[in-house]
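Undergrad: here are the coordinates; sequence isn't available:
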């Protein structure tokens, strides 16, 4: 579902903690990550992004929804795509990387059960190695 509003509007609501959790969809997550990474170094963006997501989950009454691994892995993937492609805006990134707009994108690297595990929610975990003996 394309978001036609002004690019910074979602980021402004996210930072101000006025974003309605019910209307904050996956594409909005990716858009906010893109905007944060445009304005901050990776580690600073990660800190602010994680804090904002935790606040949205808390406002929704579901603090257990926050997942550290999904947050950091998606942010890393978005940062990598941005560095490789030099995208001027979110729409360009989304057009070149439609996989980022799929909630299951990280399953290329992570088994779903690992990604949704209790430890993955609490701390960043690396994907399990597959086929390495």
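TA: Thanks, I have it. Since the model is a prediction, treat every value here as computed from it, not as a measurement. Numbers count the residues shown, from 1 in each chain.

Undergrad: what about the nearest residue to residue 97 once chain neighbours are set aside, helix or strand, and which?
TA: Closest residue to residue 97 in three dimensions, ignoring its sequence neighbours and counting by CB to CB, 6 or more residues apart in numbering: residue 81, at 5.0 Å. Where you see a C-beta, it was placed from the backbone N, CA and C, and this is true even at glycine. Secondary-structure element containing residue 81, defined by DSSP states H and E: helix 68-85.

Undergrad: which helix or strand lies directly C-terminal to that helix?
TA: Scanning the chain past helix 68-85 towards its C-terminal end, the next helix or strand to appear is helix 90-96 (assignment: DSSP H and E).

Undergrad: count of residues packed around the closest residue to residue 99 other than its chain neighbours?
TA: Of all residues not flanking residue 99 in the chain, residue 105 sits nearest, at 5.0 Å (CB to CB, 6+ apart). The number of residues packed around residue 105, counting by other CB atoms under 10 Å, is 19.

Undergrad: now residue 105: phi and psi?
TA: phi -50, psi -40 (degrees, to the nearest 10).

Undergrad: let me see the contact set for it.
TA: Residue 105 makes contact with 74, 77, 99, according to CB atoms under 8 Å, 6 or more residues apart in numbering.

Undergrad: put the buried members of those residues into a PyMOL selection.
TA: Those of these that meet the burial criterion (16 or more other CB atoms under 10 Å) are gathered into one PyMOL selection, given here:
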select buried, resi 74+77
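
Undergrad: quick one on the thing from earlier: now the residue nearest to residue 99: how far from residue 78?
TA: Distance, residue 105 to residue 78, using CB to CB, to the nearest Å: 10 Å.

Undergrad: against residue 14, how distant is residue 51?
TA: Separation of residue 51 from residue 14 (CB to CB) stands at 10 Å.

Undergrad: would you mind telling me which of the two has the busier surroundings?
TA: When residue 51 and residue 14 are compared for neighbours, residue 14 comes out ahead with 24 against 12, by other CB under 10 Å.
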